[in-house]
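J.: Pasting the sequence and the predicted model now:
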Amino acid sequence: MMHGLSCREFVDFLEAYRDGTLEPAVAERFRMHMDACPPCVTFLEAYNSTVDMTRSLCCDEDEIIPPDVPEGLIRSILDARDQG
């Protein structure tokens, strides 16, 4: 018997679901949870919007970065962008 996901498990799997890296059985349980839990669907929509907006703020590699931006901040942003 396939057990459903709790809301906490749903949140734990958000990134993998978005990236398409969930195992098929877990992805099915994830979709079943969405069918039964409107608050988690709302949370997923907000999560997706946040990720999309954050990615859109990252500069293109050809874009000139102002010299007063700390190097550590630049590295952190680029690392986060590369990790997806």
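T.: Nice, thanks for sending it over. For clarity, every value in this text was computed on a predicted model and none was experimentally measured.

J.: which phi and psi does the spatially most distant residue from the centre of the chain have?
T.: Distance to the chain centre peaks in the chain at residue 67, reaching 30.1 Å (criterion: CA atoms, centre = their mean). Phi and psi for residue 67, reported as degrees, to the nearest 10, are phi -70, psi -20.

J.: From residue 74, how far out is it?
T.: 11 Å (CB to CB, to the nearest Å). Backbone N, C-alpha and C define where each C-beta goes, glycine included.

J.: same deal with residue 42?
T.: Relative to residue 74, and taking CB to CB, residue 42 is found at 34 Å.

J.: mind checking which helix or strand residue 45 is in?
T.: Using DSSP states H and E, the element containing residue 45 is helix 38-57.

J.: Which strands and helices lie in contact with that helix?
T.: Helices and strands touching helix 38-57, by 3 or more CB pairs under 8 Å, 6 or more residues apart in numbering; DSSP states H and E, are helix 7-12, helix 14-19, helix 24-36.

J.: Can I get those helices in JSON lines including mean neighbour count, distance to residue 81 and mean pLDDT?
T.: Listed next are the helices and strands packed on helix 38-57 as JSON lines, based on neighbours: other CB atoms under 10 Å; distance: least, CB to CB, whole Å; pLDDT from 0 to 100:
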{"stretch": "helix 7-12", "mean neighbour count": "13", "distance to residue 81": "23", "mean pLDDT": "93"}
{"stretch": "helix 14-19", "mean neighbour count": "14", "distance to residue 81": "14", "mean pLDDT": "90"}
{"stretch": "helix 24-36", "mean neighbour count": "14", "distance to residue 81": "25", "mean pLDDT": "93"}
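
J.: okay if I get those as a markdown table plus distance to residue 78?
T.: Below are those laid out as a markdown table (distance: least, CB to CB, whole Å):
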| stretch | distance to residue 78 |
| --- | --- |
| helix 7-12 | 26 |
| helix 14-19 | 19 |
| helix 24-36 | 30 |
